[in-house]
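coordinates only, sequence not included:
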DNA sequence: TTGTAAGCGTTATCAC
DNA sequence: GTGATAACGCTTACAA
């Protein structure tokens, strides 16, 4: 079955190509009779308009780009990105948009700038992290191509963004721990240049204070979100602050590393030490012990970002939106009251 | 800086659009002088040809599709897919191709068929798993759009494919275990309808036999690759075959589940029971205990598949290729000689 | 309501 | 070696 084009369909339906086009695009000015005739042919021959030609004519491609930086394999492989992308992808498809996922790395800077950024066939872009936001905003937003960020960024107040309520999530974690009776609670956080990490830290701090527990700089550690960092931060705590009985990790991967450190020192979780994570990654359920964590709606974040982007593309968003999704505490087996 | 087109460049360089086009596409028939003049303008104004228009004219889009099925969140989130995609993505970008990643699910069947499959703007497709191969091959291969599979599939001898040598990987695992002195070794495998799983099982079996250890159907379990399955398979072994001292899991996620089951029964790994995985996922390093596993070059599989696809698109592949990559044993801390 | 014709920005053919 | 000109397959004024 060779591919037919709009003219062939027009001929078969005994109308002009404009009628076919209007019929397909639900334009008003087409008689009921003509429409049925066209649709009959369209269905019979399973005609699908050529998107490329349509793109050229309409100057819009129905493609959105998803940009993220190519961070270490461990971070990429933790399951978070897949779920986030899945949320974006499925929402986009529902709305009739294709999606292209690109990883930005220094080693491929040139190719990426040529291919990803200088192109004119993206109707919108979603930035998955801080690292890619700057140049994305420059390149796209200036060209009036809508951009949406996953994760708020105060430097770009004109860009819509979606995130989980990080402050609330951290508070929930600390409240749970203090409720269990812990008073010496460490905190392992991600990079503070990002609003997300800052919020998680604030949530930790305020929750401590409102539980009448003094906030102690010595009990916090700041780095990235990797298992590696969690491992070493935990080792430091064990050496320098042996009075700690629990730790809040600002990511599940951080928690994985921390638990491994505890394990290697022969410290039982949760009997001797409690750990709570953040993210609720699929694997957290299978950690040893299964991790008590703050679950964020990762898929939902992606879907919401996509929804916002499509609305922006369609011009339905007048001013930048800032949406916050709610995190939930998921209690599993990594916490217990402090040992006597 | 408003976007310019080929005609404006032509005017600025005092040549015709054809010369500009030829210059940009490295065609022979263009004088050195004209070429330099064109390139000067191109660089000065940072002109990039419009891909959409080019696609329409050349009937090729420089986009490839990556298709996979939307399996459970746990499987998606294990890190394997991200790495595989990364390999594909980076190789494609290097070759000048964009890539679109699509997840196929029943719930979005209609949208996906309309958008993903019936389209005419994909120069090639990579199938990431069995589930999507059948209709992909029908839709694309019949239209002379090249398809490459990750994972061999005997049903499609005409399609090129890339995989790790699964047979070899499994043998390496078993050899290591028998070398440690184990003779009662369980095996937890994925779905046998797939060549990959079959090969891993054969590798297990043959390695056992060549170590003079009888192969026992009772010691194997077949399901999917999830942690959940690993957990339950291990529980069964513990109940029905308490003589087992080690288990080979055909994926790291299976191993995660198995170790959790062991942990819940109070059985120490590796002191009382040894476990080896397969895949070498980034997280396997941080499991408790860190997992001894057969590491496969996941990124490399993706990159190789992309390479094959691009070659096929360019017509440089005459007959279907079947490439096998080599897996390596990575020794960590989940194995020890059997307890006396 | 319908059809004609002019784009959209390229590449490719074919005279010159 | 160069430059008109005709595709590519669609949308969209504008006329009818």
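In hand now; what should we look at? Keep in mind that this is a model prediction, so the values were computed, not measured.

quick one: name the residues of the stretch 201-340 of chain A near chain B.
A:227, A:231, A:253, A:256-257, A:259-260, A:263, A:281-283, A:285-290, A:299 (CB under 8 Å from any CB of the partner chain). C-beta here means a position set from N, CA and C on the backbone, and glycine is covered the same way.

which of the residues you listed fall in helices?
Among those, the members found in helices (DSSP state H) are A:227, A:231, A:253, A:256, A:257, A:259, A:260, A:263, A:299.

what does chain A put close to DNA strand D?
Taking CB under 7 Å from any atom of the strand as the criterion, the neighbours of DNA strand D within chain A are A:3, A:5-7, A:17-18, A:20-22, A:24-25, A:49-50, A:53-54, A:56-58.

of those residues, which belong to helices?
Secondary structure of those is defined by DSSP H; positions in helices are A:6-7, A:17-18, A:20-22, A:24, A:53-54, A:56-58.

for residue A:78, give me its contacts.
Residues counted as contacts of residue A:78 (CB atoms under 8 Å, 6 or more residues apart in numbering or on different chains) are A:252, A:253, A:281, A:283, B:77, B:79, B:282, B:283.

count the neighbours of the residue lying closest to residue A:310 once chain neighbours are set aside for me.
Distance criterion CB to CB, 6 or more residues apart in numbering or on different chains; nearest residue to residue A:310, sequence neighbours excluded, is residue A:95 at 4.6 Å. Residue A:95: 17 surrounding residues under other CB atoms under 10 Å in any protein chain shown.

now residue A:18
Residues within reach of residue A:18, counting by other CB under 10 Å, total 13.

let me have the ones in helices among the residues of the stretch 201-340 of chain A next to chain B in a markdown table, extended by neighbour count and pLDDT.
As requested, those are exported to a markdown table (neighbours: other CB atoms under 10 Å in any protein chain shown; pLDDT from 0 to 100):
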| residue | neighbour count | pLDDT |
| --- | --- | --- |
| A:227 | 26 | 91 |
| A:231 | 19 | 96 |
| A:253 | 31 | 94 |
| A:256 | 31 | 95 |
| A:257 | 27 | 95 |
| A:259 | 29 | 97 |
| A:260 | 24 | 94 |
| A:263 | 16 | 94 |
| A:299 | 18 | 95 |
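
between the residues you listed, which is nearest DNA strand C?
Each of those was scored against DNA strand C by CB to the nearest atom of the strand, and residue A:299 proved nearest at 37.0 Å.

ok, how many other residues are close to the nearest residue to the closest one once chain neighbours are set aside?
If the residues on either side of it in the chain are set aside, residue A:299 comes closest to residue A:87, at 4.0 Å by CB to CB, 6+ apart. Other residues near residue A:87 number 23, with proximity taken as other CB under 10 Å.

which residues belonging to whichever strand or helix holds residue A:87 are considered buried?
Under the criterion of DSSP states H and E, residue A:87 resides in helix A:80-94. Within helix A:80-94, the residues that qualify as buried by neighbour count (16 or more other CB atoms under 10 Å in any protein chain shown) are A:80-93.

do stretch A:29-44 as well
Of the residues in stretch A:29-44, those buried (16+ other CB under 10 Å) are A:30, A:34, A:35, A:37, A:38, A:41, A:42.

tell me which of these is nearest to residue A:144?
For the buried residues of stretch A:29-44, the residue nearest residue A:144 by CB to CB is residue A:30; the value is 31.3 Å.

can you count the residues close to the residue lying closest to the closest one once chain neighbours are set aside?
By the measure of CB to CB, 6+ apart, the closest residue to residue A:30 outside its immediate chain neighbours is residue A:22, 4.6 Å from it. Neighbour count of residue A:22, defined by other CB under 10 Å: 18.

for the ones in helices among the residues of chain A next to DNA strand D, pick the one with the most neighbours.
Per-residue neighbour counts (other CB under 10 Å) across these peak at residue A:20, which has 29 neighbours.

report the central residue of chain A.
Nearest to the geometric centre of chain A sits residue A:84, at 4.4 Å (CA atoms, centre = their mean).

and that one, how far is that from chain B?
10 Å (CB to the nearest CB, to the nearest Å).

that residue against residue A:150, yeah?
Yes: using CB atoms under 8 Å, residue A:84 is in contact with residue A:150, at 6.7 Å.

shared neighbours of those two, anything?
Between them, residue A:84 and residue A:150 have A:128, A:301, A:302 as joint contacts when contacts are counted by CB under 8 Å, 6+ apart.

dig out what the nearest residue to the first one once chain neighbours are set aside forms beta bridges with.
I take that to be residue A:128. For residue A:128, ignoring the flanking residues on the chain, the nearest one in space by CB to CB, 6+ apart is residue A:68 at 3.6 Å. Here residue A:68 shows beta-bridge partners residue A:103, assigned using DSSP bridges.

flag the least confident of the contacts of residue A:78.
Between those, the one the model trusts least by pLDDT is residue B:77, at 79.

in chain A, which spans are strands?
A:63-69, A:98-104, A:124-127, A:147-150, A:160-164, A:185-189, A:220-222, A:246-249, A:274-279, A:292-295, A:322-325, A:328-330 (DSSP state E).

let's have the ones you listed in CSV, adding mean pLDDT and mean neighbour count.
Supplementary listing: those in CSV, determined by pLDDT from 0 to 100; neighbours: other CB atoms under 10 Å in any protein chain shown:
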stretch, mean pLDDT, mean neighbour count
strand A:63-69, 91, 23
strand A:98-104, 90, 22
strand A:124-127, 94, 28
strand A:147-150, 96, 26
strand A:160-164, 97, 24
strand A:185-189, 98, 27
strand A:220-222, 97, 19
strand A:246-249, 98, 31
strand A:274-279, 98, 29
strand A:292-295, 98, 25
strand A:322-325, 97, 16
strand A:328-330, 98, 15
